[in-house]
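[1] With the sequence up front, the predicted model follows.
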Amino acid sequence: MTTQNTHLHIDGVSKNFGDVKALSDIDLKIERGSFVCLLGPSGCGKTTLLRIIAGFETASTGRLMLDGSDIAQTPPHKRGFGMVFQSLALFPHMSVARNIAYGLKLRGVSGKEQRNRVEELLNVIQLPLIADRPVSALSGGQRQRVAIARALAIQPKLFLLDEPLSALDAKLRDNMQIELRQLQQKFGVTTILVTHDQHEAMMLADELVVLKEGAVRQAAAPSVVYQQPADSFVADFLGAANLIDAGVYKGGEIQFLGTTSKVATHHPQGTRLQAAVRAEHIKLQPAHATQHAPIGTIAFMRDLGPSTELIVDVNGERLRVRCTNAECQGLEIGSQVAIAVDPTQMSLFSAA
């Protein structure tokens with residue numbers, strides 16, 4: 001990411017609440033026009049970081065640099081950011097048009113410009129005929145779109161979203177994810193979204209920032225985070241990864257599941273490791289098809305529609321395996337299968 005195109009630089013930001021360290025030395029450069037997802041489990045600090053960016057919390061240390069200027073002391077209403085909360089925070093006593101125009105009115109925009117902007121945004125969110133409708137009469141998805149339109153109406157410098165889709169049902173949430181990404185691309189606004197939903201983050205983001213216990217564990221494109229996780233936490237949190245006990249054997253071979261494989265590793269002989277293998281990268285074969293592969297027993301199966309997920313017990317490990325329905329044809333709980341893992345699809349981490 002080039003410095004010249006950095007829109008927001010979160011420079012060494014930490015946050016303490018009494019003796020509790022909520023954020024620890026966060027350093028991120030967010031590119032202009034990008035869509036960044038802050039991802040992590042509950043309590044990892046992602047919402048605290050978003051609130052610091054928005055100005056609702058003050059960092060204990062560090063700087064917030066927007067286009068090269070420190071905004072840490074700038075109050076929220078003067079930062080020019082649009083924000084959508086999980087609760088949406090729409091005004092129920094106002095019409096849709098008045099909700100969308102609220103920020104424009106506060107900024108002294110003329111009535112004619114307000115009406116033109118509201119009409120434009122209602123067309124963009126594909127709700128052109130509801131300007132005079134009360135917000136209380138809208139469906140969940142419609143309220144979601146209105147909240148997004150209200151945040152975009154002021155043409156924000158940054159667009160901040162705190163788990164805005166979490167209350168929607170699965171089908172509507174999926175549709176809104178697509179619409180949100182299309183709106184962000186249409187307006188080209190730098191966007192930061194907080195979510196704990198890994199699928200949502202993978203679908204939306206140009207860059208994923210994975211946090212744990214107030215620290216950034218990895219920040220990269222979704223494909224990089226998924227295929228080249230920085231550590232075992234990232235591997236396990238993002239996607240259905242198996243963490244398998246392993247060790248470095250003589251000649252640089254990796255020993256796991258009772259077998260050895262030649263894998264490129266910088267770890268010295270005798271090092272205890274964890275091998276991270278995605279569920280879809282484990283292949284099953286008939287138990288009699290090979291003499292050298294580890295043999296496991298299918299303990300669980302479930303149909304996911306386009307694929308089947310299995311739990312296979314093998315040499316003291318419980319492996320999650322995902323295969324096409326064709327590949328799983330004829331398998332059932334209790335079946336014995338041979339386990340094949342492509343060493344190039346394996347990530348290795350120190351067990352320490």
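    Received the coordinates, thanks.
[2] can you give me the helices in the chain?
    46-54, 96-106, 111-124, 140-153, 170-187, 198-204, 222-227, 232-237 (DSSP state H).
[3] who does the fourth one touch, helix- and strand-wise?
    It stands for helix 140-153. strand 82-84, helix 96-106, helix 111-124, helix 170-187 (3 or more C-beta pairs under 8 Å, 6 or more residues apart in numbering; DSSP states H and E). The way it works is simple: take the backbone N, C-alpha and C, and place the C-beta from them, glycine included.
[4] So for the last one, what gets flagged as buried?
    Residues of helix 170-187 classed as buried by neighbour count (16 or more other C-beta atoms under 10 Å): 173, 176, 177, 179, 180, 181, 183, 184, 187.
[5] pLDDT for those residues - can I get that in JSON lines?
    JSON lines is the format used below for those (pLDDT from 0 to 100):
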{"residue": "173", "pLDDT": "86"}
{"residue": "176", "pLDDT": "85"}
{"residue": "177", "pLDDT": "90"}
{"residue": "179", "pLDDT": "87"}
{"residue": "180", "pLDDT": "89"}
{"residue": "181", "pLDDT": "92"}
{"residue": "183", "pLDDT": "88"}
{"residue": "184", "pLDDT": "92"}
{"residue": "187", "pLDDT": "90"}
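[6] Neighbours of the closest residue to residue 38 other than its chain neighbours, how many?
    Leaving aside its sequence neighbours, residue 38 sits nearest to residue 46 (C-beta to C-beta, 6 or more residues apart in numbering; 4.0 Å). By other C-beta atoms under 10 Å, the residues close to residue 46 number 26.
[7] and residue 46, what does it touch?
    38, 39, 40, 194, 196, 211 (C-beta atoms under 8 Å, 6 or more residues apart in numbering).
[8] Next one: it from residue 179, what distance?
    Residue 46 sits 23 Å away from residue 179, going by C-beta to C-beta, to the nearest Å.
[9] repeat for residue 35
    Here residue 35 is placed at a distance of 13 Å from residue 179 (C-beta to C-beta).
[10] how about residue 183, what does it touch?
    Per C-beta under 8 Å, 6+ apart, neighbours of residue 183: 124, 125, 148, 152.
[11] my guess is the first one contacts residue 186, does it?
    By that I understand residue 124. Yes. Between residue 124 and residue 186 a contact is recorded at 7.0 Å, counting by C-beta atoms under 8 Å.
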